[in-house]
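Undergrad: make a model of this:
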Amino acid sequence: PLLEPLLPALVPPLTSVDHAPTSGPEKGSLRVIDAQAGGRCRSGEAPLSWSSTGMNWRGAWRNDTAYQTNDAVTHDGSTWRAKRGHSGITPSLAATRSWALLAAAGAAGTDGEDGADGADGQDGVDGIDGEDATLEGYGYRSADVAGAATTSTTQYTAIARGFDGLPVVAFGEPSLGRVRVAHCDDLACTTATTTTVATDVSGTYVDLAIGADGRPVISHRTTSSGGLSVTRCADVACTEASTVVADDPADLGGEGTSITIGADGLPVVAHHEKQNDALRVTHCTEADCSSATHSNALDGGIALGMEPDITIDASGLPVVAARSALSDVTITRCANSTCASASTDLFLSVLSAAGRPSIAIGPTGSLHLAFRSAFGDLQYVVCSDLGCGDFAASTIDGTGLGDEVGRDPDLALVGDRVVVSHKNPSTHSLRFTVCADTSCASRSTIGYDDTADLLGGYSAMTIGADGLPVISSANESTGALRVTHCSGLTCVPYRSAP
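TA: The predicted model follows:
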């Protein structure tokens, strides 16, 4: 039947054609005869007749066109013949009463080669000049992001880079007996979402680490008399949290807490225990610190282990820097993850510390310390190894003649550079010292954010996902949490402020 509409175009008008044979090995072949001249089918052949009228080509099928018998159209790549008069019936194999398929659409061919590139067009007209750009902050940007209220007094800030790449800040509000967390909305922390995570606590000695599961974990003092509490956030942004008392308040622990995550993925907290004037290490055996072991890593009866700072060395063991009431700087190296046994090295009064030391360990095992000396300057110590048998100390800010710098230092290693944020108490401003290398022989210091407000208190620093310093501190004029984001590693202005 598919040949029926084509044959009139191939042969003269005839009345029949033999179809031979209908069975056997030659079944399906055709033999054309001239019936008008007496031609007849042979035995086993069947005649096939067709009309001598040809097809009427109508182009692409249209729904609003009336078609007559033998009209031919194209649709979706196939060619069809109308078997009867009709309109509005789409050509398809299902429309057998109205359409017959003449030629099915072929498979898509392979793509041809790309043509040669055309000639370049003419240059467009120049656009209008834009306005001169401004760099907000001239090297840094500061913003009060939480707590600016007469009833709020932000203290003891701690900052870390969250698993989502955004800064997370924990801070205490002792006047309200609570601890809060601000999850920054952007890298510069121009705004933040703030949640109260612990109430009926002292709101002091707050520190922060990011757990192995990405959830912030916060250490802080339980009551004004003592005790260590640990607060664990329910998610990365810390929209909810739970708090446990990790060390008995009767031990008068929980002073000057510092928290990190051990090699086993569990929190480890260093704090001062006043009962025995000891450096105490609490190793959590659960992620929320609902159970823990406690060790007095350093006893001595002379107020050892004050204002500790804890980190983890390359072998996965805790290392703690602290000071004593006699201004000694101590380095305690734990022999195991729980710090059940430890060894301690003392740097005597030649390195007298008047405040909390900050510790960092380099990729080759070198140890780095920054602290404020009793003379009011910023001291830096670098040891070739954790034992600190060979060390070099230098003043990297201040003259040692009663300067007021180096308060609340926080040290970080960025490549082969050393960066330290600290406070100038006399001007109530933040300071930032950057060393060209780990020897700190070449360095620069800038004072910034020195507005009329009382700024820079309880400062802490982290390195953001953009590789730039982010510093949290207290605006003591407003009671707000303040965050400063540097626009370069040195926090130096790109150009002078107008």
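Undergrad: what's the neighbour count on the closest residue to G88 other than its chain neighbours?
TA: Closest residue in space to G88, ignoring its immediate chain neighbours: N63 at 5.7 Å, by C-beta to C-beta, 6 or more residues apart in numbering. Where C-beta positions appear, they are placed from N, C-alpha and C, glycine not excepted. A count of nearby residues for N63, using other C-beta atoms under 10 Å, gives 8.
Undergrad: wait, a helix at N63?
TA: No - using DSSP: H, G, I helix; E, B strand; the rest coil, the assignment for N63 is coil, not a helix.
Undergrad: backbone phi and psi for it, please?
TA: As for N63, its main-chain torsions (degrees, to the nearest 10) stand at phi -70, psi -30.
Undergrad: wouldn't it be in contact with H86 here?
TA: No - N63 is beyond contact range of H86, at 11.6 Å (criterion: C-beta atoms under 8 Å).
Undergrad: so what's the residue count around C491?
TA: 26.
Undergrad: that one and V470, how far apart?
TA: Distance, C491 to V470, by C-beta to C-beta, to the nearest Å: 11 Å.
Undergrad: centre of the chain to stretch 311-326, how far?
TA: Between the centre of stretch 311-326 and the centre of its host chain there is 29 Å, according to C-alpha atoms, centre = their mean, to the nearest Å.
Undergrad: straight-line length of it, end to end?
TA: By C-alpha to C-alpha, to the nearest Å, the extent of stretch 311-326 from end to end equals 23 Å.
Undergrad: and S229, how far from V329?
TA: Taking C-beta to C-beta, one finds S229 at 27 Å from V329.
Undergrad: how close does the residue nearest to R482 when sequence neighbours are not counted get to S459?
TA: Excluding its sequence neighbours, the residue lying closest to R482 (C-beta to C-beta, 6+ apart) is N475, at 4.5 Å. Per C-beta to C-beta, N475 is found 11 Å from S459.
Undergrad: and A297, what does it touch?
TA: Residues near A297 by C-beta atoms under 8 Å, 6 or more residues apart in numbering: A270, A278, L279, R280, V281, G305, V320, T332, C334, C339, A342, T344.
Undergrad: do you know the pLDDT at the fifth one?
TA: To tie it back to what came earlier, the one meant is V281. We note a pLDDT of 93 for V281 in this prediction.
Undergrad: list the neighbouring strands of the helix or strand it falls within plus their orientation.
TA: If you go by DSSP states H and E, V281 is part of strand 278-284. Partners of strand 278-284 in the sheet, by DSSP bridges, are strand 267-273 (antiparallel), strand 292-298 (antiparallel).
Undergrad: low-confidence regions, the stretch 151-300 of the chain specifically.
TA: Within the stretch 151-300 of the chain, the segments meeting pLDDT under 70 span 151-152, 249, 251, 298-300.
Undergrad: 90 - rerun?
TA: Along the stretch 151-300 of the chain, segments meeting pLDDT under 90 span 151-154, 175, 223-227, 248-256, 272-279, 295-300.
Undergrad: run through the strands of it in chain order.
TA: With strands called from DSSP state E, counting those that start in this stretch, the stretch 151-300 of the chain shows them at 155-161, 167-173, 178-184, 192-199, 207-210, 216-221, 228-233, 241-247, 255-261, 267-273, 278-284, 292-298.
Undergrad: now the ones you listed in TSV, with distance to S315?
TA: Converted to TSV, the strands of the stretch 151-300 of the chain look like this (distance: least, C-beta to C-beta, whole Å):
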stretch	distance to S315
strand 155-161	23
strand 167-173	28
strand 178-184	31
strand 192-199	33
strand 207-210	19
strand 216-221	22
strand 228-233	25
strand 241-247	25
strand 255-261	14
strand 267-273	14
strand 278-284	16
strand 292-298	17
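Undergrad: which one, of these, ends up nearest to D410?
TA: Closest approach to D410 among those (C-beta to C-beta): strand 155-161, 8.6 Å.
Undergrad: what angle separates that closest one from strand 255-261?
TA: Relative orientation of strand 155-161 and strand 255-261, computed by axes from the mean of the first three to the mean of the last three C-alpha atoms, to 10 degrees: 10 degrees.
Undergrad: so what strands line up beside strand 155-161?
TA: Take DSSP bridges as the rule and strand 155-161 pairs in its sheet with strand 167-173 (antiparallel).
Undergrad: the strand it pairs with vs strand 216-221, what angle?
TA: Using the same axes, to 10 degrees: strand 167-173 against strand 216-221 is 20 degrees.
Undergrad: what distance separates strand 167-173 from the centre of its chain?
TA: 19 Å.
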